[in-house]
Structures are given as C-alpha cells and as structure tokens.
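A.B. asks: Below: sequence and its predicted model.
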Amino acid sequence: MTMPVNNWGRLPHAAQNRRPARAHSPLDFKHALDGAPTLLPHGMGRSYGDVGLNPDGTLLQMTARDHIISFDKDSGILRARSGLTLDALLRVSVPQGWFIPVSPGSKFVTLGGAIANDVHGKNHHKDGSFGAHVLALSLVRSDRAPMVCTPTKNKKMFALTIGGLGLTGIIDWVELKLKPIKSAYLDVENIPYRSLDEFFKLSADSADWPYNVAWVDCFAPQSKLGRGIFTRARFSDYGGLSPHDSETKFRWPFPTPAFLLNRFTIGLFNTLYRIRPGARYKGRAHYDPYFYPLDSIADWNKLYGRKGFYQHQCLIPQDCAQDGIREMLSIIKHSGQGSFLAVLKHHGTEPSPGVMSFCNIGPGVSLALDFANKGEKTRALLTKLDDCVARHGGRNYIAKDAHMSGKFFQDSYPDWSTLEAARDPKIMSSFWQRVIETPSQNSTPKAPAS
Ligand SMILES: Cc1cc2nc3c(=O)[nH]c(=O)nc-3n(C[C@H](O)[C@H](O)[C@H](O)COP(=O)(O)OP(=O)(O)OC[C@H]3O[C@@H](n4cnc5c(N)ncnc54)[C@H](O)[C@@H]3O)c2cc1C
C-alpha cells in the first residue's frame with residue numbers, strides 16, 4: 001500500500017510505502033521489509049521533522065500492535081506492545097490511579113515513539129525523561145534473534161535504544177513503571193511574568209512543584225523580552241479518577257491560506273491559546289486540557305498552511321542558558337518571524353539511560369518554537385538560531401528537527417557514531433541519512449520540498 005506520509009510539520013511530501021505491522025503474530029523482520037532495502041518503525045507520526053520518515057524504504061506502522069500484555073494495579077508495572085498510545089493507556093490506567101511517569105504535550109504518541117525519542121515533559125526537573133522509567137523492552141532486529149533489554153541485561157543495547165531514533169531495531173513490547181495518582185485533576189497556578197529574569201526566578205522558586213512550564217510571548221517589546229505566563233502544577237488529592245473523553249472537540253478544516261497566517265493571526269491565536277479555560281485557571285484542571293491542550297484541535301498542524309512549518313527546540317546548559325535564550329529571543333524578534341507557541345522550561349539533573357537522549361547534557365533550559373515555512377527566509381533564521389545554540393554549548397531536539405546541519409548534529413551529539421555502529425543494517429531514516437552523510441557540511445541541508 002503506497003500512500004503519502006507526512007511528518008507532523010507537514011514539510012516534505014514523500015510518497016512512501018507504509019505497511020501495517022501484523023497485530024498479533026510474532027514480528028517478522030523479513031516480512032515487514034516487504035522486499036524494500038530498509039524499513040523504519042512508525043508510531044503516530046507526531047515527530048515534527050524527518051526522524052520518522054524513510055522514503056527509500058518501508059515504514060512499518062506499529063499502531064495495530066497496541067494491546068496491554070499485563071498491568072499490575074498494585075505496583076503500577078505495565079507491559080504493553082509498543083504501538084499502544086498514551087491516549088489508550090491513560091483511559092485504562094487513570095481509573096486505577098496510575099498516570100504516565102513522563103508525558104509529552106500530546107497523548108497521541110505511541111510507547112515505541114516515546115522511547116525512540118526519549119521524550120520529556122513538564123516534570124523533567126524532577127523525574128527526568130521517559131527512558132528513566134522503562135524497566136525492560138524487547139527488540140527485534142534483522143541480524144539476530146529477538147532480545148530482551150533492561151538496565152542490566154543487554155544493557156548497551158538498552159541504552160542505545162532509548163533515544164535511539166528507531167535505528168537499533170523494532171521495539172516490540174515495553175515494560176514501564178507508572179506513577180500513582182489520587183486524582184485525574186491537577187492543582188494549577190498560572191503566573192504572568194514580565195521578563196526573562198523573572199522567568200528564571202519563578203522557575204527556581206517553583207523547583208518543588210512537579211510540573212513547571214512557561215509560555216513566552218515572542219511579540220513582546222525588547223524591554224520585556226521573554227515575558228509570558230508561568231504555569232506550575234501538581235496532581236490534586238481531589239476530583240476523582242475520571243479519564244479523558246475520547247472525542248476530539250474541533251478539527252482544523254483545511255490548510256490555512258498564507259495571507260491569513262500573518263502576524264495578526266498568530267498574535268490572536270497566541271492570545272486565545274492563553275485564555276483557553278485552563279490557562280486563566282488558578283485552581284483545579286483535568287489532566288487532559290492541562291497536559292494536552294493542542295490535542296483538542298485535530299489536525300491543528302494545518303494552521304500553518306500548505307507549506308507546513310518548522311519546529312525548533314534546543315536545550316542550553318544552565319550556565320549559559322540566560323544569555324543564550326535572551327539572544328535567541330532577540331534574533332527571532334528582529335527576524336519578524338514570530339512563533340505562536342514558544343515554550344520555555346528548566347531541565348533537571350536526572351540522567352537518562354539513553355546514550356543519545358536529548359536531555360542528557362545536565363541541567364539547562366529548553367526553548368521550543370514553531371515557525372511557518374517561508375522558505376529560505378525561515379531556514380536562514382533557523383541557521384542563526386542553531387549557531388546561537390552551538391555557541392552556548394547546547395543541542396537541538398531531534399524529534400522536532402528538519403533542518404540542522406550534519407556538522408552541528410555530530411558536534412552536539414558526539415555519541416552518534418556509537419549509535420551508527422549499533423544501527424540495524426536494515427533500518428534507516430531520512431533524518432539519519434541527512435545528518436550522517438554530510439559530516440563536514442556547515443551549511444543548511446537540502447530544503448525539503450514544500
Ligand atoms: C502537540 C505535540 C506536542 C509534543 N510535545 C512534546 C514534549 O513535550 N516533549 C517531547 O519530548 N516531545 C514532544 N512531542 C514530540 C513527540 O512526543 C515525539 O515526536 C514522539 O516520539 C512521537 O511519537 P510517535 O508515536 O508519533 O512516533 P513517530 O513520530 O511515528 O516516530 C518517532 C520515532 O520513533 C521511532 N519508533 C516509533 N515506533 C517505534 C517502535 N515500535 N520501535 C522502534 N522505534 C519506533 C520511529 O522510527 C521514529 O524514529 C510533541 C509532539 C506533538 C505533535
């Protein structure tokens with residue numbers, strides 16, 4: 001079955017072979033390859049860039065393999081096939097008093113995708129990334145028998161698979177420890193703040209709160225650079241254990257025409273986003289609007305029009321974070337290309353077992369940004385931002401990247417060659433091809449077709 005598959009940023013439109021993995025029979029690598037030279041496991045396609053694409057081979061759609069194998073309601077230990085989404089998991093676990101230990105900003109991601117990118121959430125400063133809560137996983141490779149990997153057994157492959165971008169093999173099942181909750185609701189405080197300095201102070205003062213994040217106004221005047229709304233939250237003791245609704249409230253109907261996507265629209269969207277019911281709330285919010293505000297608008301990625309959009313997320317080490325983030329916000333301001341969803345957060349010291357994990361550079365601050373694709377103008381801005389991140393000793397998040405140069409990648413992820421040595425020879429992705437085949441290239445990689 002050949003059908004066009006997009007990344008979440010809707011940048012390249014490569015027609016490729018997407019083949020559903022068989023739901024129940026044992027995973028068979030050769031069958032999955034379907035005669036193609038390589039394959040790449042595929043989850044919900046929520047990665048923004050090209051890490052989840054493989055136009056020269058097969059995409060193995062894992063979502064049919066989504067059943068829970070075992071769930072111990074006393075210990076919170078769950079074993080499930082890797083195609084299970086957080087959406088489905090939470091509907092089962094929340095009524096039993098268990099939540100995902102680390103959650104990204106969308107529940108429409110699979111366990112396999114969460115491990116392959118070693119996703120992080122608003123509680124990184126307390127609990128680290130997803131991989132820190134994985135007890136075991138099973139891996140199916142083309143060149144050996146299926147293997148079970150844990151922090152002590154096949155530990156090198158375990159460490160390379162967490163944050164391993166799907167390159168070490170197909171993750172078949174996953175065992176992880178969930179987090180106990182007494183309520184499906186969180187006690188939330190939203191605090192408007194006026195400058196970057198205030199963000200750093202608020203973040204330090206809120207270090208005891210489990211969930212912290214800030215939304216930044218990229219259109220603020222230079223004197224108020226970095227202003228935004230700081231949100232801190234913790235699970236409540238009250239409100240009951242009702243899971244989220246399965247219905248999506250609104251579907252973005254079609255790609256937004258370019259003329260509508262101007263500064264005014266983005267500013268308006270930004271304002272509306274902030275005054276959504278959960279945002280003004282000082283009190284209790286259900287986990288669904290709190291953790292997953294964008295999930296309530298299906299296909300919201302069409303907001304950016306037919307040319308799609310780039311995400312840029314970097315992590316800058318603590319010592320350089322204030323200078324680096326200030327410079328980045330200045331660069332964006334002067335570029336005239338605002339980001340309607342700019343998110344700032346502190347990362348903590350909890351190490352990930354993942355050798356290639358984005359978060360594994362120690363404590364720091366991450367900044368996530370969205371930019372409508374305006375061709376060369378946007379790519380020039382991204383290059384400037386990358387230069388700034390590199391000068392401040394940081395790195396970019398691969399799950400969101402569609403642009404960084406091979407040189408920046410290799411310099412900022414020095415263990416890339418260990419992953420390349422452990423890569424299954426029959427697995428490849430567009431991202432990997434782009435960044436390892438251009439080792440000394442200092443310029444922008446070839447722009448994806450829009
Ligand atoms: C609205 C939104 C908010 C987000 N917020 C965050 C956030 O806060 N923090 C964060 O870290 N990320 C965030 N993300 C990114 C997202 O969490 C990751 O990109 C995640 O990996 C997507 O999972 P997926 O199931 O869609 O995987 P895909 O995007 O389909 O694939 C991602 C990678 O996982 C690999 N993979 C998938 N399944 C398997 C498997 N079974 N075995 C081996 N490899 C596999 C693929 O090969 C690919 O390399 C967000 C994304 C969206 C759309």
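C.D. replies: That came through fine.

A.B. asks: can you tell me how far residue 432 sits from residue 424?
C.D. replies: According to C-beta to C-beta, to the nearest Å, residue 432 stands 11 Å off from residue 424. Yep, even glycine has a C-beta here, placed from its N, CA and C like the rest.

A.B. asks: Mutual contacts of the two, please.
C.D. replies: By C-beta atoms under 8 Å, 6 or more residues apart in numbering, residue 432 and residue 424 have these common neighbours: residue 167.

A.B. asks: what residues does the chain put near the ligand?
C.D. replies: 8, 40-47, 51-52, 62, 82, 104-106, 109-110, 112-114, 116-117, 119-121, 165-166, 170-171, 294, 399, 429 (C-beta under 6 Å from any ligand atom).

A.B. asks: Can you turn the buried part of the residues you listed into a PyMOL selection?
C.D. replies: The PyMOL selection below is limited to those of the residues of the chain next to the ligand classed as buried (16 or more other C-beta atoms under 10 Å):
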select buried, resi 8+40+41+42+43+44+45+46+47+51+52+62+82+104+105+106+109+110+112+113+114+116+117+119+120+121+165+166+170+171+399+429
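
A.B. asks: In strands, which of the residues of the chain next to the ligand appear?
C.D. replies: Taking DSSP state E as the definition of strands, the residues of the chain next to the ligand contribute 40, 41, 42, 170, 171.

A.B. asks: all helices of this structure, in order?
C.D. replies: Along the chain, the segments classed as helices by DSSP state H run 29-33, 86-93, 111-116, 124-127, 155-161, 196-205, 263-274, 287-291, 318-335, 376-391, 406-412, 416-422, 430-436.

A.B. asks: List the residues that contact the closest residue to the ligand within the stretch 351-450 of the chain.
C.D. replies: Residue of the stretch 351-450 of the chain nearest the ligand, by C-beta to the nearest ligand atom: residue 399 (3.7 Å). Listed by C-beta under 8 Å, 6+ apart, the contact partners of residue 399 are 47, 48, 49, 51, 117, 119, 358.

A.B. asks: Now pLDDT too, for those, in a markdown table please.
C.D. replies: Below are the contacts of residue 399 laid out as a markdown table (pLDDT from 0 to 100):
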| residue | pLDDT |
| --- | --- |
| 47 | 96 |
| 48 | 95 |
| 49 | 93 |
| 51 | 96 |
| 117 | 98 |
| 119 | 98 |
| 358 | 98 |
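
A.B. asks: now those as a markdown table including distance to residue 137?
C.D. replies: What follows is these, written out as a markdown table (distance: C-beta to C-beta, whole Å):
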| residue | distance to residue 137 |
| --- | --- |
| 47 | 19 |
| 48 | 24 |
| 49 | 24 |
| 51 | 18 |
| 117 | 14 |
| 119 | 15 |
| 358 | 19 |
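
A.B. asks: Out of those residues, which two sit at the greatest distance?
C.D. replies: 49 and 119 (14.3 Å; C-beta to C-beta).

A.B. asks: least trustworthy helix or strand in the chain by mean pLDDT?
C.D. replies: Within the chain, judged by mean pLDDT, DSSP states H and E, the helix or strand with the poorest mean is helix 263-274; its value is a mean of 54.

A.B. asks: Can you tell me which of the helices of the chain is packed in deepest?
C.D. replies: Ranked by mean neighbour count, the helices of the chain are led by helix 111-116 with a mean of 29 (mean count of other C-beta atoms under 10 Å).

A.B. asks: For the closest residue to residue 432 other than its chain neighbours, grab the count of nearby residues.
C.D. replies: Nearest residue to residue 432 in three dimensions, chain neighbours excluded: residue 167, at 6.2 Å (C-beta to C-beta, 6 or more residues apart in numbering). Neighbourhood size, residue 167 [other C-beta atoms under 10 Å]: 22.

A.B. asks: which residues touch residue 167?
C.D. replies: Residues in contact with residue 167 (C-beta under 8 Å, 6+ apart) are 419, 422, 423, 424, 427, 428, 429, 432.

A.B. asks: again, but for residue 348
C.D. replies: Here residue 348 is in contact with 124, 125, 126, 128, 363 (criterion: C-beta under 8 Å, 6+ apart).

A.B. asks: quick one: the nearest residue to it once chain neighbours are set aside and the ligand, what's the gap?
C.D. replies: Excluding its sequence neighbours, the residue lying closest to residue 348 (C-beta to C-beta, 6+ apart) is residue 125, at 3.6 Å. To the ligand, residue 125 is 14 Å away according to C-beta to the nearest ligand atom, to the nearest Å.

A.B. asks: Quick check: residue 125 touching residue 364?
C.D. replies: No. Applying C-beta atoms under 8 Å as the test, residue 125 and residue 364 come out as separate, 10.2 Å apart.

A.B. asks: Between these two, which contacts overlap?
C.D. replies: What both residue 125 and residue 364 touch, as defined by C-beta under 8 Å, 6+ apart, is the set 346, 347.

A.B. asks: on that earlier part again, now render the contacts of residue 348 as JSON lines, adding pLDDT.
C.D. replies: Below are these laid out as JSON lines (pLDDT from 0 to 100):
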{"residue": "124", "pLDDT": "98"}
{"residue": "125", "pLDDT": "97"}
{"residue": "126", "pLDDT": "97"}
{"residue": "128", "pLDDT": "97"}
{"residue": "363", "pLDDT": "96"}
